[in-house]
Each structure stands twice: as structure tokens, then as C-alpha cells.
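> everything below, folded, please.
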Amino acid sequence: MRALIAAGIGLAVALALVLTISSMEAPPGKTSPKPLLTTVPKHP
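Numbering: from 1, shown residues only. I've put the predicted structure just below:
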């Protein structure tokens with residue numbers, strides 16, 4: 001029973017941490033208009 005309570009408390013703490021981090025504003029900045037290269041160039 002104690003393990004179940006501990007797991008519930010841990011889950012609640014983890015959820016609170018995620019909500020706190022996600023509620024913060026994103027840092028100012030721009031994304032690059034250039035797409036990232038996702039393919040490996042051919043070897044000679």
C-alpha cells in the first residue's frame with residue numbers, strides 16, 4: 001500500500017514539474033528558414 005501511495009506522489013510531483021516548465025514563456029528568438037539536411041551526402 002505504501003508503494004502505491006509513493007508512486008502516486010511521485011507521479012503528482014512529475015506532473016507538477018512538467019506543467020511548471022511548460023507554463024513558462026518560450027525564450028525569444030527565431031527559427032531558421034533554412035531546412036535541416038536530413039540525408040547523408042554520397043561518398044565519392
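> what's the mean pLDDT across stretch 12-30?
Averaging pLDDT along stretch 12-30 yields 84.
> and it, how far out from the chain middle?
Offset of stretch 12-30 from its chain centre (CA atoms, centre = their mean, to the nearest Å): 9 Å.
> how about stretch 34-41?
In terms of CA atoms, centre = their mean, the centre of stretch 34-41 is set 23 Å apart from its chain centre.
> and it, end to end?
In terms of CA to CA, to the nearest Å, the two terminal residues of stretch 34-41 are separated by 17 Å.
> just the buried residues of that stretch, please?
Within stretch 34-41, no residue is scored as buried using 16 or more other CB atoms under 10 Å. For every residue, glycine as well, the C-beta is placed using N, CA and C.
> quick one, phi/psi of Ala12?
phi -60, psi -40 (degrees, to the nearest 10).
> Val40 too?
phi -90, psi 130.
> same question, Ser32
In terms of degrees, to the nearest 10, the main-chain angles of Ser32 are phi -70, psi 130.
> same deal with His43?
Per degrees, to the nearest 10, the backbone of His43 is at phi -80, psi 140.
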